[in-house]
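Colleague: with the sequence up front, the predicted model follows.
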Amino acid sequence: GAGVSQTPSNKVTEKGKYVELRCDPISGHTALYWYRQSLGQGPEFLIYFQGTGAADDSGLPNDRFFAVRPEGSVSTLKIQRTERGDSAVYLCASSLMDPRGEQFFGPGTRLTVL
Amino acid sequence: GQNIDQPTEMTATEGAIVQINCTYQTSGFNGLFWYQQHAGEAPTFLSYNVLDGLEEKGRFSSFLSRSKGYSYLLLKELQMKDSASYLCAVRDRPGAGSYQLTFGKGTKLSVIP
């Protein structure tokens, strides 16, 4: 079946602009995660959804970052007033809520803020 | 806080065996994962350990010692396609709460002929 998909694959924007990144999880996966990965680093947790609600947003760096999942499937990560330091690959993952909870990652969106 | 350490880079020869170590200090523990990530691609799941001991899966094995906060990934019969970054990740919140993973920085493995 289809895996996790993310759009766009690449996004170049100017400092101060607003961007939206989209994630389509695997069908039936109730858990959805956003991570951010900078060059040479491991993924860094941003936010976790269980169904439609954000169960844990402790990883969001500041209030410029916001994410929604209105129908419990597709999620959108929104970044306001982008800064050069926001440049990274934004990864989305989804999982079942079984004991192992293996996370399946999408290909990521590479965000570049000029 | 959470701290996960793994070597930055390793080099091994095709056909050989390599062991990638990971040590962790986390506020809780509910499983350790290893992921493989080729350059420019998404991480893909390799293994999961929640109890002490060795889990074997084809050419890949993973070991866990919870008392020592230690894991390793063992890759046998190395192939050129195994050149990638290997990420150690800990799920540090028990129960039905967040399943978020805390990742190490990854070990870049280069397999040479």
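Modeller: Received, thanks. Numbers count the residues shown, from 1 in each chain, chains lettered A, B, ... in the order given.
Colleague: quick one, what contacts the most centrally placed residue in chain A?
Modeller: In chain A, the C-alpha nearest the mean C-alpha coordinate belongs to residue A:34, at 3.2 Å (CA atoms, centre = their mean). If you count contacts by CB atoms under 8 Å, 6 or more residues apart in numbering or on different chains, residue A:34 has them with A:23, A:45-48, A:67, A:75, A:77, A:90-92. C-beta coordinates here come from the backbone N, C-alpha and C atoms, glycine included.
Colleague: show me which of those are buried.
Modeller: Using 16 or more other CB atoms under 10 Å in any protein chain shown as the burial test, these include A:23, A:45-48, A:67, A:75, A:77, A:90-92 as buried.
Colleague: intersect those with the contacts of chain B.
Modeller: With CB under 8 Å from any CB of the partner chain as the criterion, these include A:45, A:48, A:91 near chain B.
Colleague: before we move on, which element is the second one in?
Modeller: Residue A:48 is part of strand A:44-50 when elements are defined by DSSP states H and E.
Colleague: whichever helix or strand comes after that strand: how far from the chain's middle?
Modeller: With elements assigned by DSSP H and E, the helix or strand that comes after strand A:44-50 is strand A:53-56. The chain centre lies 13 Å from the centre of strand A:53-56; the measure is CA atoms, centre = their mean, to the nearest Å.
Colleague: ok, residues contacting the next helix or strand after strand A:53-56?
Modeller: Scanning forward in sequence from strand A:53-56 by DSSP H and E, the next helix or strand is strand A:65-68. Under the criterion CB under 8 Å, 6+ apart, residues A:34, A:46-47, A:49, A:54, A:57, A:60, A:75-80 lie in contact with strand A:65-68.
Colleague: quick check: the residue in chain B positioned nearest to chain A vs residue B:53, distance?
Modeller: Using CB to the nearest CB, the single residue of chain B nearest to chain A is residue B:103, 3.1 Å away. Per CB to CB, to the nearest Å, residue B:103 is found 23 Å from residue B:53.
Colleague: what about the two, which has more around it?
Modeller: Neighbours were counted for residue B:103 and for residue B:53 using other CB atoms under 10 Å in any protein chain shown; residue B:103 has more, 23 against 9.
Colleague: sounds good, over and out.
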